[in-house]
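how would this look folded up:
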Amino acid sequence: MARVFNFSAGPSMLPERVLEKAQEEMLDYQGTGMSVMEMSHRSAAFSSIIEETEMLLRDIMGIPEHYKVLFLQGGASTQFAMIPLNLFQKHKRADFIITGSWSKKAAAEARKYGDSNIVASSEDRNFSYIPKLSGITFSRDADYIHITTNNTIFGTAFPELPEAGNVPLVADMSSNILSEMYDVSRFGIIYAGAQKNIGPAGLTIVIIREDLIGNALDMTPTMLNFKTHAEKDSLFNTPPCYSIYIAKLTFAWIKELGGVAAMEERNREKAGMLYDVLDNSKLFSGTAEQASRSLMNVTFTLPSEELTAKCLQEAEKEGLVTLKGHRSVGGMRASIYNAMPLDGIEKLTNFLKRFESDNS
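Below is the predicted model:
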């Protein structure tokens, strides 16, 4: 069977070059006589893998030396609890900008340990926009400010970052890490689940400023304490070894293509092609406000559920799969992460134009 263009919001497609390299090394990783899935996380071979993975990520993201890189498990959802448990140091208060389901969940989890202060929200219009930062007043006594930089369900992304001052800015970047350039030094913590731009599910990456480590609440479980993992270089317990290995291959692929800056340029071209079709269509309507549009998740609707179902069915026959929108928005959603090639966007846009012509 020929490979399809997979527009899933996650888990999502991986670069073919990464999959081919993993296939090549599946049974015998670099002369060890075993797969990475079989080797001890204490072995010299795996030590080399995890060290190179961190080195590559530091390189392509420009991570400063005074930040730790942690390879954890539990997805971004575990970070919703881990972050307040470690950062509620003084006032047990955090400010949240609510821009979708995931930021709502992060705020709800933090509320179990302190005060979740909602400083802005776009829920009034079904999260179709990002609130204007100029109208937001942050708490002077907040232990951190939390944002979700990209919202997979609603197709929105922060066009700019809030000015956090001396308060640590914490960002869930699960769905747009490595897709565009960010100044890591503006954040206290960046965290991301792997299953969109990094690798298969099972790995969670946390990039944390070192002064934020070692201040966990007394009630914090050992495994939810950043210090536990920072002191052992992410090897306190068995890490998700194979997911880390795939991440290494993905980071190397990004570096070969010119780094995150090159990814951003390519992603803007891909998104621009798709938004251009939607903006000039009388059949398809984008759901996110133009100033808040995501580069990674393009959401759009058709006039009826029947027409939507027909479009999805015909798209699948063309090898354009997993385009159904989330139930919170409906319609269709094209997730066009780093691994989605330009060919996939060209095929999708041509299909949408043809479908509109045939159904107008």
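
list the buried residues in stretch 274-288.
274-275, 277-278, 281, 283-284, 286-288 (16 or more other C-beta atoms under 10 Å). All C-beta spots, glycine's among them, are computed from the backbone N, C-alpha and C.

tell me which of the residues you listed fall in strands.
Among the buried residues of stretch 274-288, DSSP state E puts G286 in strands.

out of the buried residues of stretch 274-288, list just those in helices.
Using DSSP state H, 274-275, 277-278 are the members of the buried residues of stretch 274-288 that sit in helices.

re the thing from before, quick check, nearest of the buried residues of stretch 274-288 to R140?
Closest approach between those and R140, by C-beta to C-beta: A288, at 32.1 Å.

ok, that closest one touching T299?
Yes - contact criterion C-beta atoms under 8 Å: A288 and T299 qualify, at 6.0 Å.

what sits in contact with each of these two?
The contact sets of A288 and T299 overlap at 154-155 (C-beta atoms under 8 Å, 6 or more residues apart in numbering).

read off the pLDDT value for the nearest residue to G100 once chain neighbours are set aside.
Of all residues not flanking G100 in the chain, N151 sits nearest, at 3.7 Å (C-beta to C-beta, 6 or more residues apart in numbering). On the pLDDT scale, N151 is placed at 97.

over to the one 3 residues further on?
Among the per-residue scores, F154 holds a pLDDT of 98.

what about it, how many neighbours?
F154 has 28 neighbours, counted by other C-beta atoms under 10 Å.

could you look up the SS state of it?
Classification of F154 by DSSP: H, G, I helix; E, B strand; the rest coil places it in coil.

show me the contacts for it.
Applying C-beta under 8 Å, 6+ apart to F154 gives the contacts 99-100, 126-128, 287-288, 297, 299, 328-329.

got the contact list for E305?
Counting by C-beta under 8 Å, 6+ apart, E305 makes contact with G330.

then the one 3 residues further on?
Contacts were defined as C-beta under 8 Å, 6+ apart; by that measure T308 touches 301-302, 330-332.

could you do L257 as well?
263, 266.

before we move on, what about I153?
Counting by C-beta under 8 Å, 6+ apart, I153 has contacts 9, 100-101, 127, 297, 299, 326, 328-329, 333.

could you list every helix and strand in contact with the one helix or strand E109 maps to?
Per DSSP states H and E, E109 falls inside helix 101-110. Here helix 101-110 touches helix 75-87, strand 93-98, strand 115-121, strand 144-148, strand 150-151, strand 169-172, going by 3 or more C-beta pairs under 8 Å, 6 or more residues apart in numbering; DSSP states H and E.

so for F236, which of these sits nearest?
Nearest to F236 among the helices and strands packed on helix 101-110 is helix 75-87 (13.7 Å), distances taken as C-beta to C-beta.

what does the closest one contact?
Contacts for helix 75-87 (C-beta under 8 Å, 6+ apart): 72, 74, 92, 94, 102, 105-106, 108-110, 112-114, 143-144, 146, 168, 170, 172, 174, 188-189, 191-193, 201, 204, 206, 212-213, 215-217, 219-220, 224-226.

just the buried ones from those residues, in PyMOL syntax?
A single PyMOL command selects the buried members of the contacts of helix 75-87 (16+ other C-beta under 10 Å):
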select buried, resi 72+74+92+94+102+106+109+110+113+114+143+144+146+168+170+172+174+188+189+191+192+193+201+204+206+212+213+215+216+217+220+224+225+226
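
show me the contacts for L224.
Contact analysis of L224 by C-beta under 8 Å, 6+ apart lists 78, 81-82, 85-86, 216.

and the gap between it and A81?
Going from L224 to A81 by C-beta to C-beta, to the nearest Å gives 7 Å.

is the residue nearest to G100 in a bridge, and if so with what?
With DSSP bridges applied, N151 shows beta-bridge pairing to T156.

which one of the contacts of L224 is nearest to R3?
Nearest to R3 among those, with distances taken as C-beta to C-beta, is T78, at 32.0 Å.

local confidence estimate at that closest one?
pLDDT, T78: 98.

cool, I49 as well?
I49 is assigned a predicted lDDT (pLDDT) of 98.

what lies in contact with the host helix or strand of it?
I49 is located in helix 44-61, with elements delineated by DSSP H and E. If you take C-beta under 8 Å, 6+ apart as the criterion, helix 44-61 is touched by 29-30, 32, 36, 39-40, 63, 69, 71, 178, 182, 184, 205, 207, 233-235, 239, 241, 244-245, 247-248, 251-252, 254-255, 259-260.

got the confidence number for the nearest residue to L348 once chain neighbours are set aside?
Closest residue to L348 apart from its sequence neighbours, by C-beta to C-beta, 6+ apart: L320 at 5.5 Å. Confidence at L320, expressed as pLDDT, is 98.
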